[in-house]
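A.B. asks: build me a structure from this.
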Amino acid sequence: MRAYLQIVESRRDGAQVRQQVIATLGRFEELQASGQLERLVRSGARFAAKAMVLSAASDEAAIKIAVRRIGPALVFERLWEETGCRTVITELAGKRKHGFALERAVFLTVLHRLFVSGSDRAADRWREDYAIAGVDGLDLHHLYRAMAWLGEELPERDQDGRTPFAPRCLKDVVEERLFVHRRDLLTRLDLVFMDTTSLYFEGAGGQTLGQHGYSKDHRPDLRQMILAVLIDGDGRPVCSEMWPGNTADVTTLIPVIDRLRRRFAIARVCVVADRGMISTETVAELEARRLLYILGVRERSDKLVRELVLDDAAPFVPLVMKKRGKEIDYEAKTVMLAGRRYIVCRNRQEAEKDAADRASIVAALERQLAKGDKALVGNTGFRRYLKTISDEHFAIDADKIEEEKKFDGIFVLRTNT
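C.D. replies: Residues are numbered from 1 along each chain as shown. Next up, the predicted model:
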């Protein structure tokens, strides 16, 4: 049996595919032995380079070349320099001989967290695909040592300003020197925004900060810590704080303010906080320290606000604000009551939405009442608009519906500024 190599053209003729021999190249064995087949294929490869590369890759005949991405380091290396991170960490690390490029280890972990986040072990694997100057001599244990260095507790003489929650460590010194690095004669830190979140962790360790508390990640079975991040009025990070996982936001506010004033030589502080961080004791402490504040108020649970502030007869002043590229209609007014200044604001679009949502709930409530009362007992959305007329029998409460209207689109701030 002899095998011949032919070039064949296939074309469709109606529902059938017909083939036509264009040329016969010769016996396959002879072409292969003489090398003519390879020369023919190489000649045609000039017009089908992609196919040849894919074929070589599938046959594991392609030459493997290491490719490293350069973009992340190019961009963030410059920011690392401009913000002073490299200078500050190098100066602090230079006082001791660590035996490895500690500043490069910190930069690697920061760069990894900016792009994909994850553990130090993940960062050690991730860096293999990126060109990052000065990290070739680093091993995984160097990344662990760099993190331990940042969390190293300062000597007792440098513990002025520590909070009851955490001692001062080298991470704090880095933050303070970075703040000094960027400040000038006109730099003031008179407006600070703080927000907190919980971070849970698994495994051994963490006995100091790891406590069971309210978990925003819905993992109450695991120990957690509280992380607070503070930024200035221009949106630049100032510092971060860590507390035990069972610390309530309300109890952290005053110690953090005291610590910030010591750390950054702040003369004037304005605290901006949401409703979850406010208690009567916290407000009293702020006023005792003569600290300015802008605080959210619980409109429904604060009796003074609910019954007097919202019923104030003064007219609202209309204003338009841009938010996420959209114009939003607001109206606002100042209400002075018992020596306190309240700012009552109404978002008109939110007010329309609240009214529509309430009308929908009441309509559904009327339909459910027609079927029977028992189905309404466990529905908190319904209970707000119900009144009890007899044992286990309810009716729609028109007075409650009317009372709810004054909360449509409303939020209230209390301030001493």
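A.B. asks: these two touch, right, Leu286 and Thr280?
C.D. replies: No. Using Cβ atoms under 8 Å, Leu286 is not in contact with Thr280, being 10.9 Å away. All C-beta spots, glycine's among them, are computed from the backbone N, C-alpha and C.
A.B. asks: who's more crowded, these two?
C.D. replies: Between Leu286 and Thr280, Leu286 has the larger neighbour count (other Cβ atoms under 10 Å), namely 21 against 7.
A.B. asks: which residues touch that one?
C.D. replies: 254, 271, 293 (Cβ atoms under 8 Å, 6 or more residues apart in numbering).
A.B. asks: excluding sequence neighbours, find me the nearest residue to the last one.
C.D. replies: The reference is to Tyr293. Val271 (4.4 Å; Cβ to Cβ, 6 or more residues apart in numbering).
A.B. asks: ditto for the first one
C.D. replies: Once flanking residues are discounted, Ile254 sits nearest to Glu285: 4.8 Å by Cβ to Cβ, 6+ apart.
A.B. asks: for the helix or strand that that neighbour is a member of, buried residues please.
C.D. replies: Using DSSP states H and E, Glu285 sits within helix 280-288. For helix 280-288, the neighbour count (16 or more other Cβ atoms under 10 Å) marks 282, 285-286 as buried.
A.B. asks: what's the answer for stretch 231-240, then?
C.D. replies: 232, 238-239.
A.B. asks: make JSON lines out of those and add distance to Arg11, secondary structure and pLDDT.
C.D. replies: As requested, the buried residues of stretch 231-240 are exported to JSON lines (distance: Cβ to Cβ, whole Å; DSSP: H, G, I helix; E, B strand; the rest coil; pLDDT from 0 to 100):
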{"residue": "Asp232", "distance to Arg11": "72", "secondary structure": "strand", "pLDDT": "81"}
{"residue": "Val238", "distance to Arg11": "73", "secondary structure": "strand", "pLDDT": "87"}
{"residue": "Cys239", "distance to Arg11": "74", "secondary structure": "strand", "pLDDT": "88"}
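A.B. asks: Met336 belongs to a strand, doesn't it?
C.D. replies: Yes. Met336: assigned to a strand according to DSSP: H, G, I helix; E, B strand; the rest coil.
A.B. asks: tally of neighbours for the residue nearest to it when sequence neighbours are not counted?
C.D. replies: Leaving aside its sequence neighbours, Met336 sits nearest to Tyr342 (Cβ to Cβ, 6+ apart; 7.7 Å). Using other Cβ under 10 Å, the number of residues around Tyr342 comes to 21.
A.B. asks: go through the chain and flag its longest helix.
C.D. replies: helix 348-371 (DSSP state H).
A.B. asks: which helices and strands does that helix pack with?
C.D. replies: Judged by 3 or more Cβ pairs under 8 Å, 6 or more residues apart in numbering; DSSP states H and E, helix 348-371 is in contact with strand 326-337, helix 380-383, strand 393-396, helix 398-404.
A.B. asks: return the set of buried residues in that helix.
C.D. replies: 348, 350-351, 354, 358, 361, 365, 368-369.
A.B. asks: the helices in the stretch 51-200 of the chain, which residues?
C.D. replies: According to DSSP state H, counting those that start in this stretch, the stretch 51-200 of the chain carries its helices in the segments 71-82, 85-93, 102-115, 120-126, 140-150, 170-182.
A.B. asks: I figured Asp217 hits Ser198, correct?
C.D. replies: Yes. Between Asp217 and Ser198 there is a contact under Cβ under 8 Å: 6.5 Å.
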